[in-house]
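> all I have is the shape, not the residue letters:
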């Protein structure tokens, strides 16, 4: 960086004060531009992955609760291990082909993203399926559902008229919650150098070193390739971390807003029932006619 007189006043990496809002990396590239470029990949990957998780787990949960209820208890015990092992361990294990067969994914961003999204779906699928199965199973024990079964309601009728309206809001809340959890998992993946979208190695002739570059500038990838800068130029790694923090904060605010709306509607329903039950209807008095 040079001043108006052409004198050298600074060199990369520039701090957020010298080059707002996030500074620059060691190549002089603005971190603000990099996180904006990677935002579309991060958000699209998160929302598409969570949508796939919700759709597949909902189908599995309904099948286990309605059509094969006898297998749900056995499957729940079999998948209990997923509750005790952190998801990052499973992601690291399933992502092993990315390290053993780098030539299959290196330079092919679409193929690498699809494979990693599939891994993220598989990691959360058992827990989500068991949770939705348990929710549907408890819902089917309600009195009016039992009465509907006695009256001859089919399983498809129960799904369309009862289960789906009941689970609709729960699925929305679960979608937002899973998006937050997936973003936190992406941060952990970044520290393990599990870069979403693939990576390439670039040779820097000035420093005579080889540097890993993310193909997509996805936020977790920016954390992974610059994690060693935490002690020398911490703003380089803090830029994607701040974007993750803001995204998770917005998702939590959305979830709290929906929770408050549901509580308000439930309270209105209870108040309406109380007022209608306490309302007295004044019947017309019997008139006596005297001739």
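Ah, there it is. This structure is a prediction, so every number in the text was calculated from the model and none was measured.

> next SSE after the helix or strand of the chain with the lowest mean pLDDT?
When each helix and strand of the chain is scored by mean pLDDT, DSSP states H and E, helix 102-105 comes last, with a mean of 56. Next helix or strand after helix 102-105 toward the C-terminus (DSSP states H and E): helix 109-139.

> what is that following helix packed up against?
helix 31-62, helix 69-78, helix 87-94, helix 97-100, helix 102-105, helix 164-191 (3 or more C-beta pairs under 8 Å, 6 or more residues apart in numbering; DSSP states H and E). C-beta coordinates here come from the backbone N, C-alpha and C atoms, glycine included.

> tell me which residues of that helix are tucked away?
Buried residues in helix 109-139, defined by neighbour count with 16 or more other C-beta atoms under 10 Å: 109, 112-113, 115-117, 119-121, 123-130, 132-133, 135-137, 139.

> centre of the chain versus that helix, how much separation?
Remark: helix 109-139 is offset 11 Å from the chain centroid, using C-alpha atoms, centre = their mean, to the nearest Å.

> now for the helix or strand following that helix, which elements pack on it?
Per DSSP H and E, the first helix or strand lying C-terminal to helix 109-139 is helix 143-150. Applying 3+ C-beta pairs under 8 Å, 6+ apart, one finds that helix 143-150 makes contact with helix 155-158.

> apply 7 Å and report the result again.
The contact analysis (3 or more C-beta pairs under 7 Å, 6 or more residues apart in numbering; DSSP states H and E) places helix 143-150 against no helix or strand.

> below-threshold pLDDT in the stretch 51-200 of the chain: ranges please.
97-109, 197-200 (pLDDT under 70).

> show me the contacts for residue 62.
By C-beta atoms under 7 Å, 6 or more residues apart in numbering, the contact list for residue 62 reads 136, 159.

> make it 6 Å
Residues in contact with residue 62 (C-beta atoms under 6 Å, 6 or more residues apart in numbering): none are found.

> how far away is residue 152 from residue 146?
13 Å (C-beta to C-beta, to the nearest Å).

> check residue 245 too.
The value you get for residue 245 to residue 146, if C-beta to C-beta is used, is 47 Å.

> same thing with residue 8?
Counting by C-beta to C-beta - residue 8 and residue 146 are separated by 80 Å.

> between these two, who's got more neighbours?
For residue 8 and residue 146, the more surrounded residue by other C-beta atoms under 10 Å is residue 146, and the numbers stand at 11 against 8.

> excluding chain neighbours, give the residue nearest to that one in space.
Residue nearest to residue 146 in three dimensions, not counting chain neighbours: residue 140, with 8.0 Å by C-beta to C-beta, 6 or more residues apart in numbering.

> now do residue 12
Residue nearest to residue 12 in three dimensions, not counting chain neighbours: residue 28, with 4.0 Å by C-beta to C-beta, 6+ apart.

> let me see the backbone angles for that neighbour.
Note on residue 28: its backbone torsions stand at phi 90, psi 0 [degrees, to the nearest 10].

> out of the helices and strands packed on helix 109-139, the one nearest residue 218 is which?
Of all the helices and strands packed on helix 109-139, helix 31-62 sits nearest to residue 218, with 4.5 Å by C-beta to C-beta.

> in that closest one, which residues are buried?
Using 16+ other C-beta under 10 Å as the burial criterion, the residues of helix 31-62 that qualify are 31-32, 34-35, 38-39, 41-43, 45-46, 49-50, 52-54, 56-58, 60-62.

> how about stretch 212-231?
Buried residues in stretch 212-231, counted by 16+ other C-beta under 10 Å: 214-226, 229.

> and for stretch 84-94?
87-88, 90-92, 94.

> can I get these in JSON lines with distance to residue 19?
Listed next are those as JSON lines, based on distance: C-beta to C-beta, whole Å:
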{"residue": "87", "distance to residue 19": "36"}
{"residue": "88", "distance to residue 19": "33"}
{"residue": "90", "distance to residue 19": "39"}
{"residue": "91", "distance to residue 19": "34"}
{"residue": "92", "distance to residue 19": "35"}
{"residue": "94", "distance to residue 19": "39"}
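
> relative to residue 17, which of those residues is nearest.
Distances from residue 17 to the buried residues of stretch 84-94, taken by C-beta to C-beta, are shortest for residue 88, at 34.4 Å.

> pretty sure that closest one sits against residue 188.
Yes. Look at residue 88 against residue 188 with C-beta atoms under 6 Å: they come within range, at 4.6 Å.

> can you spell out which helices and strands pack onto the helix or strand where residue 267 lies?
Element membership for residue 267, per DSSP H and E: helix 235-278. Secondary-structure packing of helix 235-278 (3 or more C-beta pairs under 6 Å, 6 or more residues apart in numbering; DSSP states H and E): helix 31-62, helix 164-191, helix 219-225.
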